[in-house]
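In: this one's sequence-less:
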């Protein structure tokens, strides 16, 4: 068994409730594995900070239904307790079946055709056969809480609502009204969280501010643990959280076959990585060397590949620009043929410039003949991407699935783009994107999870191994 924390909509406090539960469990020295529904990078950072274990994303769009089950089974069986944080509202997902499913099996595709809540929290709860605790924002309601709870419990009888957590309760009188309204439903109240003025996690243009930028985070987590000790019905919650692995196979092991060294940029500017992707590289034999384009004086030595994840290079553009030795070293390495993956923020770093929200220009690595300009428009959503040519990671005509989430655009589009993209849930064409020139780079706004596409890291490491065999070391 494990538990899914769901919201009746976005903004009800799912992440705060989840972190409060995790903080209280860790204070009790419990070994807990957390999961996050969807493609988000930042919430999992907070989970990891609290639990000391990498949070795993459960996303059947980026991977598959089978992979979600395998990932959960494999990682939950290694802990005492397991907790899944949902995404948006309980039933908010995408429509599945708008196009071909690439590497996904035909049976899975047919089963998904009728789903309009594909990749939602409810979908994951059904896949894993887990009970759901519904978080309700009570700040602007009293008696209506019963209608909300009843509607969510009855909407899909396959979903097992184990109880509710009442968040942002204002007073004892307010709580009494809420309890009286819910009593006829006989739906357990598993937690009551009062309005908290001293517990705030700051955010910015792409969501929460990442953990590495919050020096007071440990104090905040301590306050959450204090809160969790008193606001939850632990007698009812602990049995629900107790971890039991699913039946069936777990993640298959891989034979190490690519003994190469990969420089992975990881600091305050670049920290959007799926842990499963890093695990796959290591399982295939790669040695990962983590380094900082912000702080280090040079790139790591004797490497055969580079990996720049997403993040917030625009926030640290001045510091990145001032570290000219590293910018020059990155450009030199790429021009010498070092295979390089650059996703979203990584792509921006390879541009000639980043132009920030104030219109200031900051020099970057200068590999790509374009500039990244920050703006107010948010590009957000799942993508189906078809490779237009053989490139560093995939062959021409290969379909991959990814996610875009950024407020920048490029001043110049590539003459030979990597992908033709479309929305995942319909046939709307989103245009061509991605840089593959020079041929040893893969620079794209599309974030990918490789769990169901292991041939991608294998292909990348094969190219890196050729560099190692040729004696080209940076």
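Out: Cool, the structure landed. None of the values given here were measured: they were computed from a predicted structure.

In: Quick check: phi and psi on residue 173?
Out: phi -60, psi -40 (degrees, to the nearest 10).

In: How many neighbouring residues does it have?
Out: 9 (other Cβ atoms under 10 Å). From N, CA and C alone the C-beta is placed, and that goes for glycine too.

In: distance of it from residue 179?
Out: As for residue 173, its distance to residue 179 is 11 Å (criterion: Cβ to Cβ, to the nearest Å).

In: Could you do residue 82 as well?
Out: Applying Cβ to Cβ to residue 82 and residue 179 gives a distance of 29 Å.

In: And the two? Which one has more around it.
Out: Using other Cβ under 10 Å, the more surrounded residue of residue 82 and residue 179 is residue 82, with 26 against 13.

In: mind listing what the more buried one touches?
Out: Residue 82 is in contact with 2, 3, 32, 33, 34, 35, 72, 75, 76, 241, 243, counting by Cβ atoms under 8 Å, 6 or more residues apart in numbering.

In: Equivalent analysis for residue 371, please.
Out: When contacts are counted by Cβ under 8 Å, 6+ apart, residue 371 touches 351, 352, 353, 354, 355, 361, 410, 411, 412.

In: tell me the secondary structure for the third one?
Out: Of the three states, residue 353 takes strand according to DSSP: H, G, I helix; E, B strand; the rest coil.

In: which residues in the stretch 151-300 of the chain form helices?
Out: For the stretch 151-300 of the chain, the helices defined by DSSP state H, counting those that start in this stretch occupy 172-182, 217-231, 234-241, 275-283.

In: can you redo the ones you listed as CSV with mean pLDDT?
Out: Formatted as CSV, these follow (pLDDT from 0 to 100):
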stretch, mean pLDDT
helix 172-182, 97
helix 217-231, 94
helix 234-241, 94
helix 275-283, 97
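
In: Looking at those, spot the one closest to residue 132.
Out: For residue 132, the closest of the helices of the stretch 151-300 of the chain is helix 234-241, at 10.0 Å, according to Cβ to Cβ.

In: by contact count, what packs against that closest one?
Out: Applying 3 or more Cβ pairs under 8 Å, 6 or more residues apart in numbering; DSSP states H and E, one finds that helix 234-241 contacts strand 3-7, helix 14-27, strand 81-89, strand 189-194.

In: So what touches it?
Out: Identification of contacts with helix 234-241 by Cβ under 8 Å, 6+ apart yields 1-3, 21, 24-25, 32, 81-83, 131, 133, 162-163, 188, 190-191.

In: Can I get the buried part of the residues you listed as one ChimeraX selection?
Out: The buried residues among those can be selected in ChimeraX (16 or more other Cβ atoms under 10 Å) with this line:
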select :2,3,21,24,25,32,81,82,83,133,162,163,190,191
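
In: nearest to residue 268, of the helices of the stretch 151-300 of the chain?
Out: With Cβ to Cβ, the closest approach to residue 268 among the helices of the stretch 151-300 of the chain belongs to helix 217-231: 13.2 Å.

In: tilt between that closest one and strand 189-194?
Out: Calculated by axes from the mean of the first three to the mean of the last three Cα atoms, to 10 degrees, helix 217-231 forms an angle of 130 degrees with strand 189-194.

In: Outside of helix 217-231 itself, which residues are in contact with it?
Out: Here helix 217-231 makes contact (Cβ under 8 Å, 6+ apart) with 16, 19-21, 23-24, 26-27, 49-50, 191-194, 196, 198-199, 201, 211, 214.

In: Mind naming the longest strand for the protein?
Out: Across the chain, the longest stretch assigned as strand under DSSP state E is strand 368-387.

In: What's the first helix or strand after that one?
Out: Of the helices and strands lying after strand 368-387 in sequence (DSSP states H and E), the nearest is strand 399-410.

In: Partner strands of that following strand and their direction?
Out: Strand partners for strand 399-410, identified by DSSP bridges, are recorded as strand 368-387 (antiparallel), strand 447-448 (antiparallel).

In: for the last one, the distance to its chain's centre please.
Out: Taking Cα atoms, centre = their mean, to the nearest Å, one finds the center of strand 447-448 at 10 Å from the center of the full chain.

In: Same question for stretch 63-72.
Out: Centre-to-centre, stretch 63-72 and its host chain are 15 Å apart (Cα atoms, centre = their mean).
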